[in-house]
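Colleague: give the three-dimensional model of this entry:
(2 chains)
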Number of protein chains: 2
Amino acid sequence: MNFLTQGENPFSLDNIRRTLVRLEDTIIFALIERAQFAQNNDLYNKDAAPFKDVTNGRTFLEHFLWETEQVHAKARRYTSPDEYAFTSPLPDPILPSLSFPKFLAPNDINVNAQIMDLYLQHIVPKICAEGDDLNYGSAATRDIECLQALSRRIHYGKFVAETKFRSNPKEYSRLAHEHDRDGIDKLLTNSAVEAALLQRLHRKALIYGQTVEGPTADEHQTTQLKIPVEVVVDLYKTWVIPLTKLVEVDYLEKRGLEWDGNVDW
Amino acid sequence: MNFLTQGENPFSLDNIRRTLVRLEDTIIFALIERAQFAQNNDLYNKDAAPFKDVTNGRTFLEHFLWETEQVHAKARRYTSPDEYAFTSPLPDPILPSLSFPKFLAPNDINVNAQIMDLYLQHIVPKICAEGDDLNYGSAATRDIECLQALSRRIHYGKFVAETKFRSNPKEYSRLAHEHDRDGIDKLLTNSAVEAALLQRLHRKALIYGQTVEGPTADEHQTTQLKIPVEVVVDLYKTWVIPLTKLVEVDYLEKRGLEWDGNVDW
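Modeller: Numbers count the residues shown, from 1 in each chain, chains lettered A, B, ... in the order given. From the prediction side, this is the model:
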């Protein structure tokens, strides 16, 4: 989403949904690109030679991510309300601040640690060949693309949550005061939307993951898929949707507790 | 290509071709990702406020690219024989060197300046909406992906050229001594392969550029393409193939002139 130029209401559910659907493509592209390289588990092991001498107690991925995030922080990436850094400390931006429209209530919800864990434990082993191909920089660069896209997607739940809160503030507030997190979860869940999302992902993984062969082949012929379709669907079903829900419920519980009854948004 | 683990001959024409075909996907994905954002021409103007105060005479893209390449250089990216940096100076790697198999003859052919020019003049204006959406970091990050993939693709011509040289060293050497660049071009050109490439690209751009809609739509229904198919085909036809040829002919002319007649490769 472009918070700055997207007309009167960049935070309408329609605009938010459009961003989430587009992010599915970005996530699938990033996974396909990562899948070119072997697992390269040394990237994720802080004691692996030859990295341990140069990464100061971090894994190579963490070190490379930290260096990359420093560059991006200087370009004010993490001043945007939909960008969340994985590492710290990070330098201040060298560019002047942009005035983002105020929408979210103040909060410090950040599930990047869980995103890193699920990505390394459940995604890399399922999309990459076993073993080590020495393409460390290439693999880590793609890891960063995957992680950043997943982080943006999952923390986008805050925008969904705020929009839903504004549509029914009294009920969310009542549930928050009762600490009824299941009730909040139930109230914000739209099962039809979730089912449609998983079907759409299935088709995207089939379409974007095609290996397009020579010119004489049928347009839809594929010899193999670059990543298993079910990995993409499972990624969302098992991890992305539940983690997004966690972000949403955390946000709504705090939001509901702190709401002062004012509906002049 | 993985030069280090791809069996006995990582430089067979089959292996080189596989890498080139796979790079088409990477280039198309990168273009699709860039096309989400407006042209943002201030990124490419070294006098644009607010960048001119912080980028020391570079454009914002050049500055951001330089910072990114510094991070990648430390991770030994530019020690790989298929990676070419756009900026300088760059720091030494912090990781120990890898022993890449020796294949190319020494040369300093680098067409990254031409790649930057063609990308900014002919690609960005054709795939991105006019104007400015303030998504500078996002756009520049995608620019870097596009530029790096194009650079890798075009400089890969050196591997093609060396392989072709070894298959017919006497003839290439004869043409080189006559400075017959057209003759070298003709000898290395395989028109059928080029025609097949353009047809394959057309289909890839159609398939990967689809906007996949909701679950009830037909699997192959699209409402719009994320980038125009003809831009992808033209990019290759007008720029990538001719620039690759330039790299190949430059390489082969020098190679042929310096060849000592030894065929013990």
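Colleague: surely A:Val160 and A:Glu248 touch.
Modeller: Yes. Counting by CB atoms under 8 Å, A:Val160 touches A:Glu248, with 6.2 Å between them. Backbone N, C-alpha and C define where each C-beta goes, glycine included.
Colleague: overlap in contacts of those two?
Modeller: Common contacts of A:Val160 and A:Glu248 (CB atoms under 8 Å, 6 or more residues apart in numbering or on different chains): A:Leu188.
Colleague: ok, those two, which is more surrounded?
Modeller: More crowded of A:Val160 and A:Glu248, by other CB atoms under 10 Å in any protein chain shown: A:Glu248, with 26 against 22.
Colleague: okay, now the unreliable bits of chain A?
Modeller: Applying pLDDT under 70 to chain A flags the ranges A:1-8, A:214-223.
Colleague: in it, which spans are strands?
Modeller: With strands called from DSSP state E, chain A shows none.
Colleague: okay, now the closest residue to A:Gln36 other than its chain neighbours: neighbour count?
Modeller: Closest residue in space to A:Gln36, ignoring its immediate chain neighbours: B:Arg22 at 6.9 Å, by CB to CB, 6 or more residues apart in numbering or on different chains. Using other CB under 10 Å, B:Arg22 is surrounded by 15 other residues.
Colleague: give me the distance between B:Arg22 and A:Ile109.
Modeller: 39 Å (CB to CB, to the nearest Å).
Colleague: what of A:Phe60?
Modeller: For A:Phe60, the distance to A:Ile109 (CB to CB) stands at 28 Å.
Colleague: the more surrounded of the two?
Modeller: A count of neighbours by other CB under 10 Å puts A:Phe60 above the other of A:Phe60 and A:Ile109, at 26 against 17.
Colleague: just confirm the more buried one contacts A:Leu43, I think it does.
Modeller: Yes. Using CB under 8 Å, A:Phe60 makes contact with A:Leu43 at a distance of 4.9 Å.
Colleague: who touches both of those two?
Modeller: Joint contacts of A:Phe60 and A:Leu43 (CB under 8 Å, 6+ apart) are A:Phe51, A:Tyr136, A:Ala140.
Colleague: tell me, how many neighbours does the closest residue to chain B within the stretch 51-200 of chain A end up with?
Modeller: Closest residue of the stretch 51-200 of chain A to chain B, CB to the nearest CB: A:Gln199 (3.5 Å). Neighbourhood size, A:Gln199 [other CB under 10 Å]: 14.
Colleague: what comes up buried for stretch A:108-118?
Modeller: The neighbour-count check on stretch A:108-118 (16 or more other CB atoms under 10 Å in any protein chain shown) flags A:Ile109, A:Val111, A:Asn112, A:Ile115, A:Met116, A:Leu118 as buried.
Colleague: contacts only, for the second one.
Modeller: So the one you mean is A:Val111. Counting by CB under 8 Å, 6+ apart, A:Val111 touches A:Ile154, A:His155, A:Leu243, A:Leu246, A:Val247.
Colleague: any chance you could read off phi and psi for it?
Modeller: Phi and psi for A:Val111, reported as degrees, to the nearest 10, are phi -110, psi 20.
Colleague: likewise for the first one?
Modeller: Backbone torsions of A:Ile109, given as degrees, to the nearest 10, read phi -70, psi 130.
Colleague: distance of the residue lying closest to it once chain neighbours are set aside relative to A:Phe100?
Modeller: Using CB to CB, 6+ apart and skipping the chain neighbours, the partner closest in space to A:Ile109 is A:Asp250 (5.0 Å). Here the distance between A:Asp250 and A:Phe100 works out to 21 Å (CB to CB).
Colleague: and if you look at A:Asn9?
Modeller: Counting by CB to CB, the gap between A:Asn9 and A:Phe100 amounts to 14 Å.
Colleague: and A:Gln36, by the same measure?
Modeller: Distance from A:Gln36 to A:Phe100, counting by CB to CB: 36 Å.
Colleague: look at these two and report which has more neighbours.
Modeller: The neighbour comparison of A:Gln36 against A:Phe100 (other CB under 10 Å) goes to A:Gln36, with 20 against 15.
Colleague: next up, the contacts around that one.
Modeller: A:Ser138, A:Arg142, A:Lys226, B:Arg22.
Colleague: greatest separation within the residues you listed: which pair is it?
Modeller: Greatest spatial distance among the contacts of A:Gln36 (CB to CB): A:Ser138 and A:Lys226, at 15.2 Å.
Colleague: thought A:Glu171 was touching A:Ile184?
Modeller: No. Contact criterion CB under 8 Å: A:Glu171 and A:Ile184 do not qualify, at 9.3 Å.
Colleague: neighbour count winner among the two?
Modeller: Higher neighbour count among A:Glu171 and A:Ile184: A:Ile184, with 27 against 14, using other CB under 10 Å.
Colleague: isn't that one right up against A:Val249?
Modeller: Yes. A:Ile184 is within contact range of A:Val249, at 5.1 Å (criterion: CB under 8 Å).
Colleague: got the residues of the stretch 101-250 of chain A near chain B?
Modeller: Proximity of the stretch 101-250 of chain A to chain B is confined to A:133-137, A:140-141, A:195-196, A:199-200, A:203-204, A:206-208, A:210, A:212-215, A:219-220 under the rule CB under 8 Å from any CB of the partner chain.
Colleague: now list the buried members of those residues.
Modeller: Here, 16+ other CB under 10 Å leaves A:133-137, A:140-141, A:200, A:203-204, A:206-208, A:210, A:212 buried among these.
Colleague: quick check: the farthest pair among the residues you listed?
Modeller: Largest separation among those by CB to CB: A:Leu134 and A:Arg200, giving 36.6 Å.
Colleague: tell me which stretches of chain A form helices.
Modeller: Counting by DSSP state H, one finds helices in chain A at the ranges A:13-34, A:60-74, A:112-118, A:124-127, A:136-155, A:157-167, A:169-177, A:181-188, A:191-208, A:229-234, A:241-258.
Colleague: for A:Val71, see how far away A:Ile94 is.
Modeller: Counting by CB to CB, the gap from A:Ile94 to A:Val71 is 11 Å.
Colleague: show me the contacts for A:Thr55.
Modeller: Contacts of A:Thr55 (CB under 8 Å, 6+ apart): A:Lys46, A:Glu62, A:His63.
Colleague: go with 6 Å
Modeller: Under the criterion of CB atoms under 6 Å, 6 or more residues apart in numbering or on different chains, the contact list for A:Thr55 reads A:His63.
Colleague: how far away is it from A:Arg152?
Modeller: With CB to CB as the criterion, A:Thr55 and A:Arg152 are 25 Å apart.
Colleague: ditto for A:Val212
Modeller: In terms of CB to CB, A:Val212 sits 28 Å off from A:Arg152.
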